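Undergrad: this is the structure alone, sequence omitted:
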């Protein structure tokens, strides 16, 4: 299994899909996830590259891919299955079906999904701000967190049902195309599903679409949730590992700045030595990094990740000078 690299890092500064992939090829990656910033105008170049070269395979697509033409920039949550607007839910379904069709056409096995949210006030930015001020788990912090948990629990069942009705419609298309759908760990508490909802949701979906829906782990998001007291990263990953399809890999600067280069989180970075061995052997590994990250660190992290976790040769982590 090659390490894959998400185009979220460079799609925004390219107009030609071929040049975008050539840049990633030049950094030594042999697989790519086409992310949610791929504009329709870039598809011709992407397909031209794939016809000319077998240097890179497409490992996965991140919904919505391509980006809806009316949306000006990468925005995976522009339309949500949970929306109170029926027209937005229909758009979310339609653009997901379009992503599945592109995956079928390109021979890509997996589409990564965001599902939506429960309409409560976002709590994570407030908690992160308190944490940076040294007030994590203070009485006020815990009061805010518990109020948000209770508000979500009250509203969640209605929105979960709404989301699953949409998933039934796209599950049929994915099953017909032979595509797996990976439901991603989200960073925000209000997003769907939370930890207690994942397994029941996957079980219900399996009844109609066995083997179609699975879990897509995001290391940065899961670590952020652990940092702010919502879950335990390694325990959660170990529990969901049997349902795992793939994994987004990025580091976190404590408490809540994610999409950093792996091994370069600087302040309390993720313990990849503890987490990576929990990933099943056939899990797709995908670096998903901020466009602000530099090539030098990315290449160093790629070489280190491949040597440490994607080969049989044992090695100790030794970071290059930054």
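TA: Structure received. This structure is a prediction, so every number in the text was calculated from the model and none was measured.
Undergrad: CA only for contacts and neighbour counts going forward, please
TA: Noted.
Undergrad: for the protein, give the helix that spans the most residues.
TA: Criterion DSSP state H: the longest helix present in the chain is helix 139-177.
Undergrad: any idea what the closest residue in space to residue 249 that isn't next to it in sequence is bridged to?
TA: Spatially, and ignoring its direct neighbours in sequence, residue 249 is nearest to residue 287 (4.8 Å; C-alpha to C-alpha, 6 or more residues apart in numbering). Beta-bridge partners for residue 287, by DSSP bridges, are residue 5, residue 249.
Undergrad: local confidence estimate at residue 287?
TA: The model reports residue 287 with a pLDDT of 98.
Undergrad: okay, now residue 205: neighbour count?
TA: If you count neighbours by other C-alpha atoms under 10 Å, residue 205 ends up with 19.
Undergrad: for this protein, what spans make up the strands?
TA: 4-6, 31-34, 57-62, 110-113, 180-184, 213-218, 244-249, 251-253, 257-260, 284-287 (DSSP state E).
Undergrad: what pairs with the fifth one, parallel or antiparallel?
TA: Just to be clear, that refers to strand 180-184. strand 110-113 (parallel), strand 213-218 (parallel).
Undergrad: residue 141: which of these is closest?
TA: Of all those, it is strand 213-218 that lies closest to residue 141, at 25.0 Å by C-alpha to C-alpha.
Undergrad: for the protein, give me the ranges with low pLDDT.
TA: 267, 312-322 (pLDDT under 70).
Undergrad: rerun that using 80 as the cut-off
TA: Along the chain, segments meeting pLDDT under 80 span 1, 265-269, 312-322.
Undergrad: buried set for stretch 98-105?
TA: If you call a residue buried by 16 or more other C-alpha atoms under 10 Å, then stretch 98-105 has these buried ones: 98-104.
Undergrad: in helices, which of those residues appear?
TA: Within the buried residues of stretch 98-105, residues falling in helices by DSSP H are 98-104.
Undergrad: return the member of those nearest to residue 203.
TA: Using C-alpha to C-alpha, residue 100 comes nearest to residue 203 of these, at 21.8 Å.
Undergrad: so who does the closest residue to that closest one other than its chain neighbours touch?
TA: Excluding the flanking residues, the one nearest residue 100 by C-alpha to C-alpha, 6+ apart is residue 174, at 6.4 Å. Residue 174 makes contacts with 100, 180-181, 212, as judged by C-alpha atoms under 8 Å, 6 or more residues apart in numbering.
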